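Novice: below are the sequence and a predicted model for it; my questions follow.
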Amino acid sequence: MKESEYPYLLAFMQITREISSSLDLKGVLHLIVKSTCETTGSKGCTLMLLDEKGQRLEVKASFGLSDQYIGKGPLSADRSISDTLKGEPVIIEDATSDPRVQYPQEAKQEGIASIVSVPIVLRGKVIGVLRLYTPVLCRFTHDDIDFLSAIAMQGGLAIENAKMYEHMKENYDKLMASI
């Protein structure tokens, strides 16, 4: 098997290896978006999780996008490419004119042409989305969607593992402080 024949498989293996070796949630999330962006040659990538009420998406990690774009405003779960939260990948071929994009003018200013959004699912429940942004109009392939979906699945597991570790560490620290 030549390395160039299966770039997504090799990237998936590398990302999986790296995220499974860390329990630092912030570091894991950054690794996911950075590696995904670099592997696909895209402009940027974000990983967003639903807030506790399930009403807004909160950016937890981003790569390749300006702070101005990331902070453009709240992302309403029912307006911001909401079909992703129903568990389906969503492809936006023209981010500046598609009505599903909540901030089309900001996307244009950022130089974003196309967006693909895949759900992050954990135990059958959508907990967030992984989004990839391209600087040119793009027609995403089934391989692109499969790769991003696999990364999103691994991301869900990594998030759960890191949160469980943080919770256990907090409980241990409390126990030790009370002794």
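Specialist: Great, that's in hand.

Novice: all contacts plus neighbour counts: C-alpha atoms, from now on.
Specialist: OK.

Novice: give the next helix or strand downstream of the strand or helix carrying Gly128.
Specialist: In the assignment (DSSP states H and E), Gly128 maps to strand 125-134. In the C-terminal direction, the helix or strand that comes right after strand 125-134 (DSSP H and E) is helix 142-178.

Novice: for that next one, what does the pLDDT average out to?
Specialist: This predicted structure assigns helix 142-178 an average pLDDT of 88.

Novice: in it, what's buried?
Specialist: Judged by neighbour count (16 or more other CA atoms under 10 Å), helix 142-178 contains these buried residues: 145, 147-159, 161-162.

Novice: tell me which residues in stretch 104-121 are buried?
Specialist: The neighbour-count criterion (16+ other CA under 10 Å) identifies 104, 106-107, 110-121 as the buried residues of stretch 104-121.

Novice: from these, which is closest to Val136?
Specialist: Of all the buried residues of stretch 104-121, Val136 sits closest to Ala113, with 5.0 Å by CA to CA.

Novice: isn't that closest one up against Val136?
Specialist: Yes - contact criterion CA atoms under 8 Å: Ala113 and Val136 qualify, at 5.0 Å.

Novice: phi, psi of the closest residue to Ser66 other than its chain neighbours?
Specialist: The spatially closest residue to Ser66, leaving aside those adjacent along the chain, is Glu110, at 7.5 Å (CA to CA, 6 or more residues apart in numbering). According to degrees, to the nearest 10, the main-chain angles of Glu110 amount to phi -80, psi -10.

Novice: next one: Gly27
Specialist: Torsion angles at Gly27 (phi, psi; degrees, to the nearest 10) stand at phi -70, psi -40.

Novice: circling back to that earlier point, now for the strand holding Gly128, which elements pack on it?
Specialist: Counting by 3 or more CA pairs under 8 Å, 6 or more residues apart in numbering; DSSP states H and E, the packing neighbours recorded for strand 125-134 are strand 44-50, strand 114-122, helix 142-178.

Novice: in it, what counts as buried?
Specialist: For strand 125-134, burial by neighbour count (16+ other CA under 10 Å) applies to 126-134.

Novice: show residues contacting that strand.
Specialist: Outside of strand 125-134, the residues that reach it under the criterion CA atoms under 8 Å, 6 or more residues apart in numbering are 37, 42-50, 57, 84-87, 112-121, 148, 152, 156.

Novice: again, only using 6 Å
Specialist: Surrounding strand 125-134, the residues in contact under the criterion CA atoms under 6 Å, 6 or more residues apart in numbering are 42-50, 112-121.

Novice: compare the helices and strands packed on strand 125-134 and give me the one nearest Met13.
Specialist: Across the helices and strands packed on strand 125-134, the minimum distance to Met13, taken as CA to CA, is reached by helix 142-178, at 9.8 Å.
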